[in-house]
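**Student:** Based on what follows, work out the 3D shape:
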Amino acid sequence: MDLTAVKERLRAAVEARSDVLVEASHQIHEHPELNFEERFAHDLLSDLLAGEGLQVERQAHGLDTAFVARAGHTGPTIAILCEYDALPGIGHACGHNIIATAGLGAGLAAASIAEEVGGRVVVMGTPAEEGGGGKILMARRGAFDGVDAALMVHPAGFDLARMDVIAVQEVTATYRGAAAHAAAFPHKGRNALDGAVLGYLNVAALRQHIRPTERIHGIFTIGGDKPNIVPARAETHWMVRSSSILTLGPLKERVAACLEAGATASGCDVSLQWKPVVYADMLDNEVMVDLYKANSEALGRTLVEPDPKQAVVGSTDMGNISYVVPSIHPMIQAAPPGVPIHTPEFTGHARSETGDRAVVDGALAMAWTVADLWLADGVLDAVRAEFAATMAAVGPDARRSAIDGGVGA
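**Tutor:** This is a model prediction of the structure:
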């Protein structure tokens, strides 16, 4: 089948649904929902997919706000991933409403021709990207079994070929001491807040001696009840980031030593609770990146490589999926250059004319990339070969850690 003709049909399919996609984006934007609470978005997207004849599994893989929709019965299986959780206080400041509906549009367009051209498409609703690791949980439960490639697009202030994705794991340090009257009997107390403060200072000193690509940042979440009571309990919450999932492990050990030393110095106890998901770095499949770049450029969007002035550095559970199947995570401009994600300013742009254009263009660029993976001669073989070489280079320990690792320091 002629690939050019297929892409023209996909363009028509996306354009015919553009009003629906934009309205869905606005609806999700107006109903921000936090990790694992995305019931409005789950139902809206599932209903729209089912309304066009896709087979939709709601509450998929044991997650109340995940879904999986399928079309096609033969040929390569390409997964398009949707995110739709928001941030506390600032709503869709990461533009997940755009991710969700660009994925919806790409999935519906691809589904409209899947049977005819001999391809399969899976639209996955993946909850709780903002720290909950929904994709990781879904991968552990077999969501990506049989998938040949996966893609999504993330909004930003620039059109970028990729995001600078670094590995991260969160940890909560709970310090326990002994309460006492701070004026009458301070010598009978053991100050848990002192332990937390000393732990914080130790980490602050450590920051001078870590790699330039590594980050450690934390907050105090519990500091005591009243100034005249020696705090018996204090708590800090940390994010520990490194350039790869393999280099993250040694950094976690150094951070743990800093936090534990604070407890020792203050005569307190500390328990470290590491979040049971660890976000991996992103292994972008370059064959797929080149396909998406060409399709994006055909829409008038020239993707560039990140540089110090044009880059988005952060973490995403899409990185973990890139260790499971060939994957990409390009960035599409939805705000003026220089407006960073995770800010109130970006929240506004996620429901703007520029954000709406990102929904439609992102849907079409991804749909065209799906068509390339289905139909272009030798492309999927090249994708698979690159992925095999990448996995051989990183080794089995990294791949295993990306899905099954994450508990403990």
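
**Student:** ok, I222 to N202 distance?
**Tutor:** Distance, I222 to N202, by C-beta to C-beta, to the nearest Å: 19 Å. Any C-beta I mention is one placed from the backbone N, CA and C, and that applies to glycine too.

**Student:** For the one helix or strand A256 maps to, buried residues please.
**Tutor:** Assigned by DSSP states H and E, A256 belongs to helix 245-266. Within helix 245-266, the residues that count as buried by 16 or more other C-beta atoms under 10 Å are 245-249, 251-252, 254-256, 258-263, 266.

**Student:** so P306 touches D164, yeah?
**Tutor:** Yes: proximity of P306 to D164 meets the contact threshold set by C-beta atoms under 8 Å, at 5.4 Å.

**Student:** any residues in contact with both of these two?
**Tutor:** Taking C-beta atoms under 8 Å, 6 or more residues apart in numbering as the contact rule, P306 and D164 both touch V312.

**Student:** Would you map the strands across the stretch 51-200 of the chain?
**Tutor:** 55-58, 67-71, 77-82, 120-125, 149-151, 154-156, 164-165, 167-176 (DSSP state E, counting those that start in this stretch).

**Student:** TSV for those, including mean neighbour count?
**Tutor:** Shown next, in TSV, are the strands of the stretch 51-200 of the chain (neighbours: other C-beta atoms under 10 Å):
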stretch	mean neighbour count
strand 55-58	16
strand 67-71	23
strand 77-82	27
strand 120-125	26
strand 149-151	26
strand 154-156	27
strand 164-165	20
strand 167-176	23
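
**Student:** How about the secondary structure of the residue nearest to the spatial centre of the chain?
**Tutor:** Centroid-nearest residue in the chain, with C-alpha atoms, centre = their mean: T316, separated by 2.9 Å. What DSSP: H, G, I helix; E, B strand; the rest coil gives for T316 is coil.

**Student:** Tell me the spacing between it and G132.
**Tutor:** Using C-beta to C-beta, one obtains 12 Å as the distance from T316 to G132.

**Student:** can you list the domains in the protein?
**Tutor:** 3-165+281-404, 174-274 (automatic domain parsing).

**Student:** Regarding the shortest one, how distant is the last residue from the first?
**Tutor:** Its start and end residues considered, domain 174-274 measures 11 Å (C-alpha to C-alpha, to the nearest Å).

**Student:** and that domain, what's its mean pLDDT?
**Tutor:** Across domain 174-274, pLDDT averages out at 97.

**Student:** tell me how far that domain is from the chain's mean position?
**Tutor:** Here the centre of domain 174-274 is set off from its chain's centre by 27 Å, with C-alpha atoms, centre = their mean, to the nearest Å.
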